[in-house]
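# need a structure here:
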Amino acid sequence: MVANAGDCRAVLCRKGRAIDMSEDHKPINLLERRRVEESGGFITNDGYLNEVLAVTRALGDWDLKLPHGSQSPLISEPEIKQITLTEDDEFLVIGCDGIWDVLTSQEAVSIVRRGLNRHNDPTRCARELVMEALGRNSFDNLTAVVVCFMTMDRGDKPVVPLEKRRCFSLSPEAFCSLRNLLDG
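Below you'll find the predicted structure:
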């Protein structure tokens, strides 16, 4: 399950193919533009919401949001996409817009997949993705996270037994916050 609000994108790698797990919440997105205009907001010719933001959903920017219950052009409501993972699913790339301004989803997946085949280190792959975006002159936020479901060798076979894979966990406080958010 991926919940997205703002200037990031989540991309699943399935057998080397990129599958977008989120939509970019940019004012040029037709559905977002329609929602913004129906709520009384406007999009400038250069693609900014109410002349201020380049996104239509954000967790922060409270000064641009109307009181709870009011129809606001800027919202923090996430878009949620859920799929069932299969054995063909290798990893998820999550990155903010500086990555996606200069790389397609497929390019990012290919870079990460090559890195995992070379050194099997998702943290290093995230750094390599950021460095590639920098090398392509990205001028926006550059943050990336790589979440591995299985580690592949050059023959597309798992190389790291399940019990030896790198695992990252949430703190108990973060887990409770996430659970509360998902439970409504």
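
# starting at the chain centroid, how far to stretch 39-47?
Relative to its chain's centre, stretch 39-47 lies at 24 Å (Cα atoms, centre = their mean, to the nearest Å).

# Please read the previous query as pertaining to stretch 35-44.
24 Å.

# From the opening residue of that stretch to its closing one, how far?
Stretch 35-44 has an end-to-end distance of 15 Å (criterion: Cα to Cα, to the nearest Å).

# Tell me the buried residues in it?
35-36, 41, 43 (16 or more other Cβ atoms under 10 Å). Every C-beta, even on glycine, is put in place using the N, C-alpha and C of the backbone.

# Give me the residues contacting it.
With Cβ atoms under 8 Å, 6 or more residues apart in numbering as the contact definition, stretch 35-44 has outside contacts at 27-28, 33, 49-51, 56, 71-74.

# And the strands in this structure?
Along the chain, counting by DSSP state E, strands occupy 2-4, 8-14, 17-20, 79-81, 89-96, 144-148.

# and those strands as TSV, adding distance to residue 132?
Shown next, in TSV, are these (distance: least, Cβ to Cβ, whole Å):
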stretch	distance to residue 132
strand 2-4	22
strand 8-14	14
strand 17-20	15
strand 79-81	25
strand 89-96	11
strand 144-148	10
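
# between the ones you listed, which gets nearest to residue 104?
strand 17-20 (7.5 Å; Cβ to Cβ).

# With adjacent residues omitted, what lies nearest to residue 112?
residue 125 (4.6 Å; Cβ to Cβ, 6 or more residues apart in numbering).

# Need the pLDDT of the one you found.
Note on residue 125: pLDDT of 96.

# and the protein, what are its domains?
2-21+83-180, 24-78 (automatic domain parsing).

# residues touching the nearest residue to residue 25 once chain neighbours are set aside, list them.
What sits nearest to residue 25 in space, not counting adjacent residues and going by Cβ to Cβ, 6+ apart, is residue 57, at 4.1 Å. Contact analysis of residue 57 by Cβ under 8 Å, 6+ apart lists 4-6, 25, 32, 74-79.

# Check residue 99 too.
9, 108, 129-130, 133, 138, 142-144.

# wait, residue 100 sits on residue 9?
Yes: in this structure, residue 100 is within contact of residue 9 by Cβ atoms under 8 Å, at 5.1 Å.

# Leaving out the residues flanking it, which one is nearest to residue 15?
Using Cβ to Cβ, 6+ apart, the closest residue to residue 15 is residue 88 (4.6 Å).

# Cool, thanks, talk later.
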